[in-house]
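1. what follows is a predicted protein model with its sequence.
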Amino acid sequence: MRRALIVALTTALDPHNDKKIGKDNAAGDGSWFVDAPDNTHGRFYAFAHKTNGCKRGLSKVITL
């Protein structure tokens, strides 16, 4: 399990410039969850920094 940043996609998959909306500990299967208001909409993805034994990770983009 490692810490994932949940990010709102703006123009490109760029976790350093896109808007961060939350954090979660990603499960072993890569799943993540962030509690967001009901009116949240847009395209989002998760980003995890490289750690010992794990490469940097980007999830698929989801649309709400």
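-> All right, it came through fine.
2. tell me where this structure is predicted with low confidence.
-> Across the chain, the ranges flagged by pLDDT under 70 are 1, 36-39.
3. at the geometric centre of it, which residue sits there?
-> Nearest to the mean C-alpha position of the chain, by C-alpha atoms, centre = their mean, lies residue 46 at 1.4 Å.
4. next, that one: phi, psi?
-> phi -110, psi 150 (degrees, to the nearest 10).
5. tell me the bridge partners for it.
-> Taking DSSP bridges, one finds residue 6 as the beta-bridge partners of residue 46.
6. do residue 22 as well
-> Listed beta-bridge partners, residue 22: residue 6 (assigned using DSSP bridges).
7. for residue 21, what are its contacts?
-> By C-beta atoms under 8 Å, 6 or more residues apart in numbering, the contact list for residue 21 reads 6-8, 34, 36, 40, 44. All C-beta atoms are positioned from the backbone trio N, CA, C, and that covers glycine.
8. buried subset of the residues you listed, written for ChimeraX?
-> Here is the ChimeraX command that picks out the buried ones among the contacts of residue 21, judged by 16 or more other C-beta atoms under 10 Å:
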select :6,7,8,44
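9. possible to save the contacts of residue 21 as CSV with secondary structure?
-> As requested, these are arranged in CSV below (DSSP: H, G, I helix; E, B strand; the rest coil):
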residue, secondary structure
6, strand
7, strand
8, strand
34, coil
36, coil
40, coil
44, strand
